[in-house]
Structure formats: structure tokens, C-alpha cells
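Engineer: Pasting the sequence and the predicted coordinates here, then a few questions.
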Amino acid sequence: MRIARFTTGDDPQYGVVTGDVDELGIPSEDSMIVALAGDPLHVGVNLTDQEHQLEAVRLLAPVIPRSKVVGIGRNYAGHAAELGNEVPAEPLMFLKQNTSVVGPGDPIFYPRQSSNVHYEGELAVVIGRICRDVPVERVRDVIYGYTVGNDVTARDLQKNDVQFTRGKGFDSFCPLGPWIETELDTSDLRVTTHLNGDLVQDGSTKDLIFDIATLVAHITSVMTLLPGDVILTGTPEGVGPMNPGDEVEVAVTGIGSLTNKVVARD
Ligand code: MG
């Protein structure tokens, strides 16, 4: 099931996206969105009799993380190597503020403080239950679904600050969308990024150093995760700079694609 958050000009609503999708998760033109009563993460999926053409609504970030986005650094060997880093012995965690989240089509604001802002296309995990100390074999029980993320990073600030709060935490530095796919085998999903139409990242989740079960177990051994919290599972090799005017599209097979434009912050 594909759970989206959308607006037709009024208050945001949740909905289920129906219709066929191609292998990239791109919906057919006749796709519809059936509105739900309430937030399905908290009240379950309650269909209403309201439906819209998918094309006629504006999609929003499918989830606003209730407390945090947990990022995972250097979780693909190729990406660790391209920035001159070793592969970590255990998952390398950082936090992105929940205020950094934006949705499909929203601008990524290029901060005045940086001159080297990078895209990082990633598979994102959405947590469905309050959880702590989750054993690897129980991880599936706490996952609500999966979406596409762009872990936007001001590389210069990340390096200078040593810790990542500023370099990864600007408002608009965490595009998520287009929706949450609740049923997905994540063992071998293609993760691609296009910058202005050129393919710049092309990886597979089969190359994750630490798989999703290991990540959730590791993170929840440190901190409680809440429904709606998001984990960014790491980026494959090919990261690089974006500039104002650029358009960046991240896609994950079986989910869909997420496009945003970079805009100078005035
Ligand atoms: Mg990343």
C-alpha cells in the first residue's frame, strides 16, 4: 500500500494511492488518491469516500518525523572511499532535525553559509511504533514502511564543524517522498540520483554495509524511536555538488521518485 500526504489547497490529508506503477514506482496517469480519515500512523487506515486524481493534488512529505531523522553515514563502501573514509566498524549515526523535512517539489534552499552543497540519494525507513532495544529478528514489527530521501549536506560545513548538526540540518535539507510504501522487499532495491537529467548515483541496497535490521537494532540500543521517526540508510557512491537552479531527482525501485529544485536563500 502507498500512503501519501497531500493537499488540494486546504489542510493536509493522508491518502492511499491506487493504480498501477512501473518498475521505478512511477504511477500510471489514471492513478487516484483515496483520502483517509486521520493520520494512518496513529489511527490505522480508514478510507473515506473522497477521491482525487493523483495528478490534481499536491503531494507533501509523507511523514513529519515526530522527533527525529536518524542518518547513517558511510554505509556503502564506494561512498566511504570516495570521500577518503574507512568503512566504520559499527553504524555511524547522526541526527537531522525534523524541521529539515520537506516534500516532493519543495525547494531545497542553498544556505548563505555554504559553497558546497551535495545531494545524497537514499532509501528511508519510516518507524511505526514506539520502540527501544529492538532485537534484529523483531525489527520488521516496528517498521511502518519505506520512502525515498535526499540527505542534503553542506559538505564544507560538515568537514569544518566536525559534527554534522549544521552541515546536514538546514531547513529543507531532508526531502522525503513521494509516499510511503508499506510492503517492500528491501534486499536489492536500485537507488538512483539524477542531477538535471544526468545519472549521478546508481547503487543497490544489496550493498548496504549494515542492513536495515542491524541499523534499527543498533539505533534503538541507544535511543527510543517514535512512530513517524525516519532512518536514512546511507548513500551510494557518486555524491556531488548542486547549485541554485539545479533539479535533483532521487528514485528507489518499488517506491517512486522524489524531485526537488535548488533555490538560493535570500
Ligand atoms: Mg547520507
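Structural biologist: Okay, I see it. Numbers count the residues shown, from 1 in each chain.

Engineer: residues contacting the closest residue to K206 other than its chain neighbours?
Structural biologist: Leaving aside its chain neighbours, K206 sits nearest to D188 (4.4 Å; criterion: C-beta to C-beta, 6 or more residues apart in numbering). Any C-beta I mention is one placed from the backbone N, CA and C, and that applies to glycine too. Shown here is D188, whose contacts under the criterion C-beta atoms under 8 Å, 6 or more residues apart in numbering are S204, T205, K206.

Engineer: Please work out which residue of the stretch 1-150 of the chain is closest to the ion.
Structural biologist: Shortest the stretch 1-150 of the chain-to-the ion distance, computed as C-beta to the ion: residue-wise this is E120, at 4.0 Å.

Engineer: Quick check, pLDDT for that residue.
Structural biologist: If you check E120, the pLDDT there is 98.

Engineer: now that we're looking at it, which residues does it contact?
Structural biologist: Taking C-beta under 8 Å, 6+ apart, we find E120 in contact with N150, D151, V152, T153, L232, T235, V239.

Engineer: Identify the residue spatially nearest to the last one, adjacent ones excluded.
Structural biologist: Right, V239. Excluding its sequence neighbours, the residue lying closest to V239 (C-beta to C-beta, 6+ apart) is H118, at 4.9 Å.

Engineer: wait, is A81 part of a strand?
Structural biologist: No - the secondary structure assignment for A81 gives helix rather than a strand, going by DSSP: H, G, I helix; E, B strand; the rest coil.

Engineer: How confident was the prediction at the closest residue to it other than its chain neighbours?
Structural biologist: Counting by C-beta to C-beta, 6+ apart, E237 is the residue found nearest to A81 once chain neighbours are left out, at 7.3 Å. At E237, the model reports a pLDDT of 96.

Engineer: any idea what E237 is structurally, helix, strand or coil?
Structural biologist: With three-state DSSP as the basis, E237 sits in coil.

Engineer: can you check D156 too?
Structural biologist: Recorded secondary structure, D156: helix (three-state DSSP).
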